[in-house]
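Q: Predicted model and sequence below, questions to follow.
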Amino acid sequence: HVQLVESGGGSVQAGGSLRLSCVTSEYPYDTYCMGWFRQAPGKEREGVAHIQRNGRTSVADSVKGRFTISKDNAKNTMYLQMNSLKPEDTAMYYCAAGGSGLTPRTYNSWGQGTQVTVS
């Protein structure tokens, strides 16, 4: 399993922006499929965005046009740029590695999460 550390969460007003980062020092990012997931209280964890080893990306319909996933292999860092945030985006956000697509159960390495609150 890969150790992942998220950062960049916080509290913002609706319409604001945040950029989340996920860093690991153990394995090159170009060998893993990576993803961002979120979980709100009382809800199941859901996929937000996913990036393949070749850099191809996909995002959930709920965030399409507002969120962008990217990675910098040289820095072993993955990002989630979140714009036009809405109160319904409030959740704990997790990065994950080693899975497929936007399905949480396929991922075997998880970070500790970073809280995003939109008011």
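A: Structure's in. What do you need? Numbers count the residues shown, from 1 in each chain.
Q: neighbours around residue 1, how many?
A: The number of residues packed near residue 1 is 10, by other Cβ atoms under 10 Å. Every C-beta, even on glycine, is put in place using the N, C-alpha and C of the backbone.
Q: Report the distance from the lowest-mean-pLDDT helix or strand in the chain to the chain centre.
A: Ranking every helix and strand in the chain by mean pLDDT, DSSP states H and E puts strand 109-110 at the bottom, with a mean of 92. Relative to the centre of its chain, strand 109-110 is centred 12 Å away, using Cα atoms, centre = their mean, to the nearest Å.
Q: who does it pair up with?
A: strand 91-97 (antiparallel) (DSSP bridges).
Q: Name the surrounding residues that touch the partner strand.
A: Residues outside strand 91-97 that contact it (Cβ atoms under 8 Å, 6 or more residues apart in numbering) are 2, 4, 6, 9, 20, 22, 24, 27, 32-40, 43, 45, 48, 78, 80, 104, 107-116.
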